[in-house]
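[1] show me the folded form of this:
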Amino acid sequence: MKKLVLTMALAFGVMLAVNAQEVKNTVQEQKSVITDTIKSEDFKPVNLDQVTPKVQEAVKVLAEKFDINALFVDEKKQLTKVEATDKADKSKKVFYFDAEGKEVKLQ
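    A predicted model of the protein is given here:
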């Protein structure tokens, strides 16, 4: 009887480990899809005067704490991508704004 219980516990543990690995792989695949969407070739480089006035204002506010490195626009998705460097710690960050100048958090 002890061997049966031990065998069942071992089998359950193996099934649990396999299931956990499948969930991990699914999450990694979802992150990959999101990253591919963000890095799409739909973003085209632009100048500040080529974006909407609301986005211009948002970028100017951002420029108080960040050096603006580049601006890109995806006209199809109506998103503006801003690559910037933090003036304080020199870390590089990417911001996304919608057509209304509101920051969009992409994961």
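[2] okay, CA-based contacts and neighbour counts for the rest of this
    Will do.
[3] can you give me the buried ones in stretch 60-71?
    62, 66, 68, 71 (16 or more other CA atoms under 10 Å).
[4] ends of it, how far apart?
    End-to-end span of stretch 60-71 (CA to CA, to the nearest Å): 12 Å.
[5] avg pLDDT for it?
    Throughout stretch 60-71, pLDDT has a mean value of 95.
[6] all helices for this structure, in order.
    Secondary structure of the chain (DSSP state H): helices located at 2-38, 53-62.
[7] now residue 97. Nearest residue, chain neighbours left out?
    Of all residues not flanking residue 97 in the chain, residue 103 sits nearest, at 4.3 Å (CA to CA, 6 or more residues apart in numbering).
[8] the one you found touches residue 94, doesn't it?
    No: at 10.8 Å, residue 103 does not count as touching residue 94 under the criterion of CA atoms under 8 Å.
[9] is it correct that residue 55 is in contact with residue 96?
    No: at 9.9 Å, residue 55 does not count as touching residue 96 under the criterion of CA under 8 Å.
[10] where does the prediction get shaky in the chain?
    2, 4-6, 9, 11-41, 107 (pLDDT under 70).
[11] okay, now the domains of it?
    The record, using automatic domain parsing to delimit domains, assigns the chain the ranges 1-39, 44-104.
[12] so how far is residue 92 from residue 76?
    Look at residue 76 and residue 92: by CA to CA, they are 26 Å apart.
[13] comparing those two, which shows the higher neighbour count?
    A direct count of neighbours by other CA atoms under 10 Å for residue 76 and residue 92 places residue 92 higher, at 14 against 8.
[14] for the residue nearest to that one when sequence neighbours are not counted, what are its contacts?
    Closest residue to residue 92 apart from its sequence neighbours, by CA to CA, 6+ apart: residue 85 at 4.4 Å. Neighbouring residues of residue 85 by CA atoms under 8 Å, 6 or more residues apart in numbering: 66, 67, 68, 69, 91, 92, 93.
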